[in-house]
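J.: need the 3D shape of this:
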Amino acid sequence: MTTAVAAPFRFFALQVAATRRLGPSLVRVTFTGPELRDFHSDGRDQSLSLFLPHPGQSEPAVPLELGDQWWQGWRELPDDVRAVMRSYTLRALRADAGGHTTEVDIDFVLHGVGEDGASAEAGPASRWAARAAAGDRVLLLGPAIADNRAIRFRPPEDTDLVLLWADETALPATAAVLETLPAGMRARVWLEVPHAGDVQDLPTAADAEITWFVRDAAATEAGASPLALDDLRTAELPPAERPYVWIAGESGSVKQLRRHFVGERGVDRRRVTFVGYWRRGLTEEQMREQA
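T.: As a prediction, this is how the structure comes out:
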C-alpha cells in the first residue's frame with residue numbers, strides 16, 4: 001500500500017456500524033461515515049490500510065495535520081501512542097441511490113482469539129476486532145478512484161480458466177473476486193482455513209469448483225506448507241490455453257505454489273499474480289522494515 005497520501009488514495013475517518021462473527025477465526029466489521037461518499041473501488045482484491053487505536057484511546061493517532069508528511073510523523077510517535085497500522089482487503093461496499101458509498105465491510109482473522117478471549121499470541125488488530133463495537137473510531141487509507149493500483153487481480157481479457165489459492169487472510173479477497181467473475185467463466189479454487197466452521201458459501205456466477213482444506217491438530221500450522229499442494233500436483237485441471245493464476249496468503253506458501261504453477265504446470269509467469277499478505281514468524285511491522 002502507498003505510504004503517502006496521493007491520488008488515487010486518501011484518508012477516511014470511519015466508525016464501526018456493526019460486527020458479525022463469520023466463524024471461529026473470522027469476524028466481519030462494517031464501517032460507515034460521511035467521508036465514504038468519496039470512497040470508490042472496483043472491488044476484487046482491493047487493498048486498504050487500516051489505522052486502529054490502542055486500548056484506552058478514543059481514536060487512532062495519525063498526524064494528518066502534517067499533510068503529505070504524515071508518514072514520517074506517524075513513525076516518530078511513541079509505540080504506545082502511534083496508531084496500529086494493518087493491511088486488509090475490502091470485502092464489500094454498499095452505496096446509496098446516488099452511487100455514493102455508505103458502508104464498507106472488512107473481514108478480520110482472529111489470530112489467537114478464542115471464545116475465552118485473546119491469548120498472548122493475538123496481535124493488536126485481532127484483539128481490536130474481537131472487541132469492536134458500534135461507534136468505535138478508525139482511520140482508513142483507501143481509494144478515491146475505482147480502478148487503482150491497489151487492485152492486483154487483473155486477468156487478461158483472453159483468460160479461459162481462473163485458478164485461485166488463498167489461506168484465511170486472503171479469503172475475503174477471494175470471495176470478492178469470485179463475485180466479480182462472469183457467468184460461465186471456469187474457475188478452480190483452493191482455500192485453506194483453520195477450522196471447519198470457517199468454511200463459507202461463496203456466491204459466484206462462474207463455473208467454479210471450490211476445494212476447502214481445514215487445518216487440524218495433526219496438520220502443520222498456517223504458512224508451513226500449503227495443504228493444497230499435494231492435491232494440486234495430482235489434480236487434472238480443465239483444458240485451457242490461456243489460464244490466469246492468482247495466489248495470496250502467507251509468503252512462503254505463495255512462493256511454493258507459484259513455483260508449482262510456473263515450473264511444474266508451465267503457466268506463463270506473466271499470467272500469475274502472487275501476493276504475500278503475511279510472513280510466518282514476522283509481524284507486519286517487521287515485514288514493512290524488510291520491504
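J.: ranges for the strands of the protein?
T.: 9-23, 26-32, 47-52, 84-89, 92-95, 101-109, 113-114, 117-118, 137-143, 161-166, 186-193, 207-214, 243-250, 272-278 (DSSP state E).
J.: in the longest one, which residues are buried?
T.: Going back to what we said before, that points to strand 9-23. Buried residues in strand 9-23, counting neighbours by 16 or more other Cβ atoms under 10 Å, are found at 9-14, 16-17, 19, 22-23. In short, each C-beta sits where N, CA and C put it, glycine included.
J.: now do the fifth one
T.: By neighbour count, and taking 16+ other Cβ under 10 Å as the criterion, the buried residues in strand 92-95 are 92-93.
J.: gap between it and the chain center?
T.: Distance of strand 92-95 from the chain centroid (Cα atoms, centre = their mean, to the nearest Å) equals 16 Å.
J.: run me through the strand neighbours of it, direction for each.
T.: strand 101-109 (antiparallel) (DSSP bridges).
J.: for the stretch 1-150 of the chain, which spans come out with low pLDDT?
T.: 1-7, 112-122 (pLDDT under 70).
J.: go again with 80.
T.: 1-7, 111-122 (pLDDT under 80).
J.: the stretch 151-291 of the chain: helices as residue ranges?
T.: Here the stretch 151-291 of the chain has its helices, by DSSP state H, counting those that start in this stretch, at 171-180, 228-234, 251-259, 284-290.
J.: from residue 70, how far off is the nearest residue to residue 269 once chain neighbours are set aside?
T.: The spatial neighbour of residue 269 that comes closest, neighbours along the chain excluded (Cβ to Cβ, 6 or more residues apart in numbering), is residue 262 at 4.9 Å. According to Cβ to Cβ, to the nearest Å, residue 262 stands 39 Å off from residue 70.
J.: show me which pair in the buried residues of strand 9-23 is furthest apart.
T.: With distances taken as Cβ to Cβ, the most widely separated pair in these is 10 and 23, at 32.4 Å.
J.: list the buried ones in stretch 59-75?
T.: 60-63, 70-71, 73-74.
J.: domains in the chain, by residue range?
T.: 9-143, 161-278 (automatic domain parsing).
J.: so which of these is nearest residue 153?
T.: domain 9-143 (4.3 Å).
J.: what about that closest one, start to end distance?
T.: 4 Å (Cα to Cα, to the nearest Å).
J.: and for stretch 188-200?
T.: 16 Å.
J.: in that stretch, what counts as buried?
T.: Buried residues in stretch 188-200 (16+ other Cβ under 10 Å): 188-194, 198, 200.
J.: TSV please, covering these and showing pLDDT.
T.: As requested, the buried residues of stretch 188-200 are arranged in TSV below (pLDDT from 0 to 100):
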residue	pLDDT
188	98
189	98
190	97
191	97
192	95
193	94
194	92
198	95
200	95
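J.: distance to residue 132 for those residues - can I get that in JSON lines?
T.: Compiled in JSON lines, the buried residues of stretch 188-200 are given as follows (distance: Cβ to Cβ, whole Å):
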{"residue": "188", "distance to residue 132": "35"}
{"residue": "189", "distance to residue 132": "29"}
{"residue": "190", "distance to residue 132": "30"}
{"residue": "191", "distance to residue 132": "25"}
{"residue": "192", "distance to residue 132": "25"}
{"residue": "193", "distance to residue 132": "21"}
{"residue": "194", "distance to residue 132": "20"}
{"residue": "198", "distance to residue 132": "19"}
{"residue": "200", "distance to residue 132": "20"}
